[in-house]
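>>> dropping a prediction and its sequence here:
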Amino acid sequence: MKLPATGIPVNQPYSASYPPLPQYQAGGAQGQWSTGLCDCCSDVPLCCLTCWCPCITFGRIAEIADKGTSSCGVSGALYALILALTGCQFIYSCTYRSKIKQQYGIPASSCGDFCIHCWCECCAMIQEYRELQHHGFEPSLGWEGNLMKQNQVVAMATAPMAPDGMHR
């Protein structure tokens, strides 16, 4: 059973190591991105954040894609360090595009993903961020925040009802 507004499963218990991922929602066919690569300007705040501070957007994507095993701060700092020292941060961010594609059944294309991140880094990260949102995550909350949100929805959906005989 899923809650209609969020698509979050409510009949699966919380698991500390790998909680259930929100199920695929309508809006794009299974096996393809829910938004286009050039749809980045349809979310102006995210577009501005990614253009001016790509390390923040990348850190958020990495934390969700890694299911909380890496933190937003560490991933973002590593991205910024690679950018500052080599200018080849797109190689690092490209690996997360591959992870997201694998998690959501989008066909892999190593060469294509590399080229997209090499020449359209901001657009690629915005597309990945929006894909995570499309699948029920809010990357700005981080992994723990998304777990708490999911657990609150599950708790509300399974809250016990008062017996009918108890009235004031």
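Sure, I can see it. Residues are numbered from 1 along each chain as shown.

>>> need the pLDDT of Gly27.
In this model, Gly27 is scored at 46, pLDDT.

>>> likewise for the one 10 residues further on?
According to the predicted model, the pLDDT of Leu37 comes to 92.

>>> count of neighbours near it?
12 (other CB atoms under 10 Å). No exception for glycine: its C-beta is placed from N, CA and C like everyone else's.

>>> now swap in Ala84 and tell me
Per other CB under 10 Å, the neighbour tally for Ala84 reads 10.

>>> pLDDT weak spots in this structure?
1-30, 154-168 (pLDDT under 70).

>>> grab the most central residue of it for me.
Closest residue to the average C-alpha location of the chain: Leu132 at 2.9 Å, with CA atoms, centre = their mean.

>>> element containing it, please.
Using DSSP states H and E, Leu132 sits within helix 121-134.

>>> got the angle between the next helix or strand after that helix and helix 121-134?
The C-terminal neighbour of helix 121-134 among helices and strands, as given by DSSP H and E, is helix 142-157. Per axes from the mean of the first three to the mean of the last three CA atoms, to 10 degrees, the angle that helix 142-157 makes with helix 121-134 is 20 degrees.

>>> how far is helix 142-157 from where the chain is centred?
Distance, stretch centre to chain centre, for helix 142-157: 15 Å (CA atoms, centre = their mean, to the nearest Å).

>>> near Lys101, how many other residues are there?
Using other CB under 10 Å, Lys101 is surrounded by 19 other residues.

>>> which residues touch Gly142?
By CB atoms under 8 Å, 6 or more residues apart in numbering, the contact list for Gly142 reads Arg60, Glu63, Ile64, Gly68, Ser71, Cys72.
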